[in-house]
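> model this:
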Amino acid sequence: MSDSEGFRVDMHVKVLDETVVERAKAAGLDALVYAPHFVRLPEIRERAAAFSDDELLVIPGRELFTGSWHARKHLLAVGLDEPVPDFITLEGAMSELQRQDAVVLAPHPGFLNVSLTGADLAAYGDRIHGVEAYNPKLLARAGRRARRIVEEGRWPPFGSSYAHLRSSVGEVWTRFERRVERPEDLVDALREGVPRTVGRRTGVRHQLRCLAEFAHLGYENSWSKIDRLFLQGTEPTHPRHIAYEGRFDDVAVY
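Coordinates of the predicted model:
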C-alpha cells in the first residue's frame, strides 16, 4: 500500500491544533477528516474551518458510538447536516444518517468490541460507502482481518491514522484520483466510489507509532472514564441532552 501522487486525505483524526496542521502539511497531506469523540457537530465544523487554509482542508466528521458502551459499534459519518448523538441503537443511527443523506464509513471493521462485524456490513451494505483497510491501531492480526473484510466484501477501502496522538497524523492516507476542494467534494467522491488507494509509512518509526496508538486504547476504553464523562447525561453528545430536544429518546440506550 504505497503511492506518491493524487489528492491525499487522512480520513480520521481525533486531534486538531497548529502542530497537527504542521505535521499534516509536512507529510504531504491535502486534507484531514476531523472527527473527535463526544463533540457536537457545530463545534467540529467551527474548529475544522478555523484550521483550514489553502494548503490543507480540514473536513468535519463524526465518529458515532452506537449501542451500549460494552457492545458499541462505531460509524464514521461525513456530510452530516444536523447533529447526531452517541449511544443510540445501530438501526437508529443508520436511519438518521440515511435521512440526512450522509456518507457512512465503517472504521476498524471487526476490531475488538467497537466495530461493525461482517454480519452488520452485510445487513447494512446498501447504506455503507466504505470500509477501513488500515489504521495504526490495527496491529498484525487485526490489520489482516480488516484487509480480508475489505477484499472479500469488495468494499471501497479507506485508510486513516485514526490519530489520538499528534505524532500519528500523516502515518496513513487515502489517495483519491480526484481533487477535493470543499468538504462536499469528499462526500461526493466517497458516495460515487471514486477510485482510491490506501497508503502508509513503513519502518521502525511507523511501528513505534502504531504501538503508541494501540497503547492509548487502555485509557480510551476505560469504563471509569466514560462513566464519569458521559453517562451522567450532561455530555454534549448524550442522546438525552437538551440540545437534541427529545428527538432520539426512542432509540437511546442510556
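
> Now the phi/psi pair for residue 151, please.
Dihedral pair for residue 151: phi -70, psi -50, per degrees, to the nearest 10.

> Could you count how many residues lie near it?
Residue 151 has 12 neighbours, counted by other Cβ atoms under 10 Å. For the C-beta atoms, the positions are set from N, CA and C on the backbone; glycine is no exception.

> and what of residue 177?
Neighbourhood size, residue 177 [other Cβ under 10 Å]: 12.

> nearest residue to residue 84 other than its sequence neighbours?
residue 96 (5.4 Å; Cβ to Cβ, 6 or more residues apart in numbering).

> which SSE is the one you found in?
Per DSSP states H and E, residue 96 falls inside helix 90-99.

> any idea which helix or strand comes after that helix?
Per DSSP H and E, the helix or strand that comes after helix 90-99 is strand 103-106.

> Tell me which strands that next one pairs with, and in which orientation.
Using DSSP bridges, the strands paired with strand 103-106 are strand 73-78 (antiparallel), strand 130-134 (parallel).

> CA atoms of the first one as PDB?
Spelled out, that is strand 73-78. Provided in PDB are the C-alpha atoms of strand 73-78 (Å, rounded to 0.1, in the frame of the first residue of the first chain):
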ATOM      1  CA  LYS A  73     -20.200  -0.200  17.200                       C
ATOM      2  CA  HIS A  74     -18.500   2.800  15.600                       C
ATOM      3  CA  LEU A  75     -19.700   4.600  12.500                       C
ATOM      4  CA  LEU A  76     -17.800   7.400  10.800                       C
ATOM      5  CA  ALA A  77     -20.200   9.900   9.200                       C
ATOM      6  CA  VAL A  78     -19.200  12.600   6.800                       C
END
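
> what about that strand, distance to the chain center?
In terms of Cα atoms, centre = their mean, to the nearest Å, the centre of strand 73-78 is set 6 Å apart from its chain centre.
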